[in-house]
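Visitor: Sequence first, predicted model second:
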Amino acid sequence: MHNAIARTTVPSLTINRHCRVIDNCTSGEVPQSIFSAAEPVVLKGLVSHWPIVQQGQQGNNALADYINSHYNGQPTQVYRAGPGLNGRYFYNDNATALNFTVDTGKVDEVLQQLLAWQSLPEPPSAYIASNLIQSHFPTLSAQLPLQLNRPKPDYATEPDRVSIWLGNRSVAACHYDASENLACCVAGKRTFTLFPPEQVANLYPGPLQPTPGGQVISMVDFDQPDFERYPRFADAIAAGCIAELEPGDALYLPSMWWHRVAAPGNFNVLINYWWSNAPRYTGSGMNLLYHALLCLREKPEHERKAWQALLNYYVFDDPQQAAAHLPPAAQGVLGPLDDMQARQLRAMLLNRLNR
């Protein structure tokens, strides 16, 4: 099957399966049941009661005025590119640099530009990504009533974040995030193309550095996938699903799911909530990946397989099995972790790295 596909380049991505949809959601109330599924769910109309969504129904000018009324004037990062980009924030031809620039600007100035470009058939691209509400729109939080109803762990986690995304036509290449995500569509439409974490090899991740937004992205052009160069992408298509959001809709996106986000309109606004269910002392999983690249990847095959078995035993299988047969006083960092033991592990790691 793959050999037949590899001889052609098809014009577009075809995923027919849509992720689960809950219709007619109670305004601002996220059902607790979705958090146990660990799969994407569209919540229709969840934030349709937000004033910012209702302002968007009055037109882009009214929405821009409303956003500016909450803006405190602080500068922010702005992605910019010429008319030929068509909103696809990606790499240059040899993937050594990005195909857009990042500079510092003001939100109100960007909004003014977006409004002025609406009638252009091929406008420049401008995008403000993941701008924290608290730092730039401090009075807006009170106007975003939402009950997440998610289970609260009894340990400290990373602080929750609420961000706003502003721009004209944009395509965020397929990537994953290490946080749980509730993405709320305010203006324009959003199409999420979603893949479970185990599809990583079929999505052909790009360089670890540089990246358009901090996370590694798929090298496949979803609008014109090259199956000769990326043959396993056909398997990703078979495992993928689509989530389509209109203003007022929201998407629950579990952490580590791969997702491509397309916003085709000339004025798009999204607000998302990020949170983590992991203890704060665990830190970033990327630390493990970097360390494994350094310490394991170049070892002989039989050693890599042995370390794979050890990592399965100590980390990826039942996390309690490694200490279950040991007396509590002897378990050390193999037992349940706390902040103090996490510091001990970091000290052990730093000591070994500095040898």
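Guide: Looks like it arrived, so ask away. Residues are numbered from 1 along each chain as shown.
Visitor: Only C-alpha atoms from now on, for both contacts and neighbour counts.
Guide: OK.
Visitor: Mark out where each domain of this structure begins and ends.
Guide: 2-278, 282-353 (automatic domain parsing).
Visitor: Please identify the most buried of the ones you listed.
Guide: Mean neighbour count (mean count of other C-alpha atoms under 10 Å) peaks for domain 2-278 among the domains of the chain, with a mean of 18.
Visitor: any idea of the mean pLDDT for that domain?
Guide: In this model, domain 2-278 has a mean pLDDT of 93.
Visitor: Strands along the stretch 201-350 of the chain, start to end?
Guide: Here the stretch 201-350 of the chain has its strands, by DSSP state E, counting those that start in this stretch, at 241-245, 250-253, 258-263, 268-275.
Visitor: Need those strands in TSV (columns: distance to Q77).
Guide: Formatted as TSV, the strands of the stretch 201-350 of the chain follow (distance: least, C-alpha to C-alpha, whole Å):
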stretch	distance to Q77
strand 241-245	26
strand 250-253	25
strand 258-263	19
strand 268-275	16
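Visitor: Which one of those lies nearest to Q199?
Guide: Q199 sits nearest to strand 258-263 of all those, at 8.2 Å, using C-alpha to C-alpha.
Visitor: Just give me the longest helix of the chain.
Guide: As assigned by DSSP state H, the longest helix anywhere in the chain is helix 339-353.
Visitor: For stretch 78-87, what is the spacing between the initial and final residues?
Guide: Distance across stretch 78-87, first residue to last, is 13 Å (C-alpha to C-alpha, to the nearest Å).
Visitor: what's the answer for stretch 38-54, then?
Guide: Terminal residues of stretch 38-54 lie 31 Å apart, using C-alpha to C-alpha.
Visitor: same question, stretch 260-269
Guide: The first-to-last residue distance of stretch 260-269 comes to 16 Å (C-alpha to C-alpha).
Visitor: Residues touching it, excluding its own?
Guide: 60, 114-115, 117-118, 164-175, 185-194 (C-alpha atoms under 8 Å, 6 or more residues apart in numbering).
Visitor: ok, P264 to F192 distance?
Guide: Taking C-alpha to C-alpha, one finds P264 at 12 Å from F192.
Visitor: repeat for V261
Guide: Taking C-alpha to C-alpha, one finds V261 at 5 Å from F192.
Visitor: thinking again about what came up before, the strands of the stretch 201-350 of the chain: which one's closest to A306?
Guide: strand 258-263 (29.0 Å).
Visitor: Mind listing the strands the closest one pairs with, and their directions?
Guide: Note on strand 258-263: by DSSP bridges, its sheet partners are strand 170-175 (antiparallel), strand 190-195 (antiparallel).
Visitor: Restricting the selection to alpha carbons, write the last one to PDB.
Guide: Written as PDB, here are the backbone C-alpha positions of strand 190-195 (Å, rounded to 0.1, in the frame of the first residue of the first chain):
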ATOM      1  CA  ARG A 190     -10.400  27.100  13.800                       C
ATOM      2  CA  THR A 191      -9.800  23.700  12.400                       C
ATOM      3  CA  PHE A 192      -7.600  21.400  14.500                       C
ATOM      4  CA  THR A 193      -6.100  18.300  12.900                       C
ATOM      5  CA  LEU A 194      -5.400  15.900  15.700                       C
ATOM      6  CA  PHE A 195      -3.200  12.800  16.200                       C
END
